[in-house]
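S.K.: predicted coordinates and the sequence they were generated for:
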Amino acid sequence: MVSGHIQKLIAEGEHQMLDFKFEISDCKKIARSLVAFANTDGGRLLIGVKDNGTISGIRSEEEKHMIQTAAELYCKPAVEFSAKEWNINGKNVLEVIIPKSQHHKHKAPDHNNIYKVYVRVKDENIIANSILIKVWKHENDKSFVKITFSEEEKMLLKYLEENKTISFDEFLEISHLKKRAAENIFVNFILIGMIKMEMSEKKISFKYCDLA
């Protein structure tokens, strides 16, 4: 079925690798979606589909050109994608496929026109914080990870045992470390798989990695 592919995707609902767009009216905004997918696991944009899954159809041919403009002019470096148009009951849906990028890492302009690295978390595009960027750099450089189990490192692990999660600001408060030193502790523990970072648009927290 020609339309079955799109209907199946819509039935999944929006998630980390799928986003619905009623229309494209802002190249910079769509650039944030493109880089978020490219920087994470790749994914698809369905243009001409409302948030509730209703097919509205793309509104003009200009929307196709805006995708190209966003990818080439507002993504640094440019994001690769492929696109295919589907006709479903007389309405055209544009499927935009963004592969996971091998670059380290793409940026797009935020609301203040400052270029930031975005990642895809569930159904949200989120600005990557400095800890995640440092983790990527270490992974890319394959640099040595040193854990000394200092008093501050022990303090973090003890806090997680007792409270399950901690925010970066909470750790700064209890450890009295400077920001850079505290970040390095989180980065090293993430790199060795001891803790993980959980991100949402409103909150970033850290917890022990699940052993299962």
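M.R.: Received the coordinates, thanks.

S.K.: list the contacts of the helix-or-strand element of the chain with minimal mean pLDDT.
M.R.: Every helix and strand of the chain was ranked by mean pLDDT, DSSP states H and E. The lowest is helix 130-141, at a mean of 90. With contact meaning C-beta atoms under 8 Å, 6 or more residues apart in numbering, helix 130-141 is reached by 104-105, 117, 119, 145, 168, 183-184, 186-187, 190-191, 197, 199. From N, CA and C alone the C-beta is placed, and that goes for glycine too.

S.K.: specify which member of those is nearest to residue 7.
M.R.: Using C-beta to C-beta, residue 119 is the member of the contacts of helix 130-141 that lies nearest residue 7, at 28.5 Å.

S.K.: would you mind measuring from the closest one to residue 38?
M.R.: 10 Å (C-beta to C-beta, to the nearest Å).

S.K.: so if I had to pick from these two, which one is more boxed in?
M.R.: Applying other C-beta atoms under 10 Å to residue 119 and residue 38 shows that residue 38 carries more neighbours, namely 29 against 22.

S.K.: was I right to think that one contacts residue 79?
M.R.: Yes: in this structure, residue 38 is within contact of residue 79 by C-beta atoms under 8 Å, at 4.8 Å.

S.K.: overlap in contacts, these two.
M.R.: 98, 101, 106.

S.K.: hmm, which of the contacts of helix 130-141 is lowest in pLDDT?
M.R.: Across the contacts of helix 130-141, the member with the lowest pLDDT is residue 104, scoring 69.

S.K.: any buried residues in stretch 15-29, and which?
M.R.: 16-22, 24, 27-29 (16 or more other C-beta atoms under 10 Å).

S.K.: picking up where we left off before, buried only: go through the shared contacts of residue 38 and residue 79 for me.
M.R.: Members of those classed as buried by 16+ other C-beta under 10 Å are 98, 101, 106.

S.K.: sorry, back to before: can I get the contacts of helix 130-141 in a markdown table with secondary structure and distance to residue 62?
M.R.: As requested, those are exported to a markdown table (DSSP: H, G, I helix; E, B strand; the rest coil; distance: C-beta to C-beta, whole Å):
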| residue | secondary structure | distance to residue 62 |
| --- | --- | --- |
| 104 | coil | 32 |
| 105 | coil | 29 |
| 117 | strand | 28 |
| 119 | strand | 29 |
| 145 | coil | 49 |
| 168 | helix | 42 |
| 183 | helix | 43 |
| 184 | helix | 47 |
| 186 | helix | 44 |
| 187 | helix | 43 |
| 190 | helix | 43 |
| 191 | helix | 45 |
| 197 | strand | 39 |
| 199 | strand | 34 |
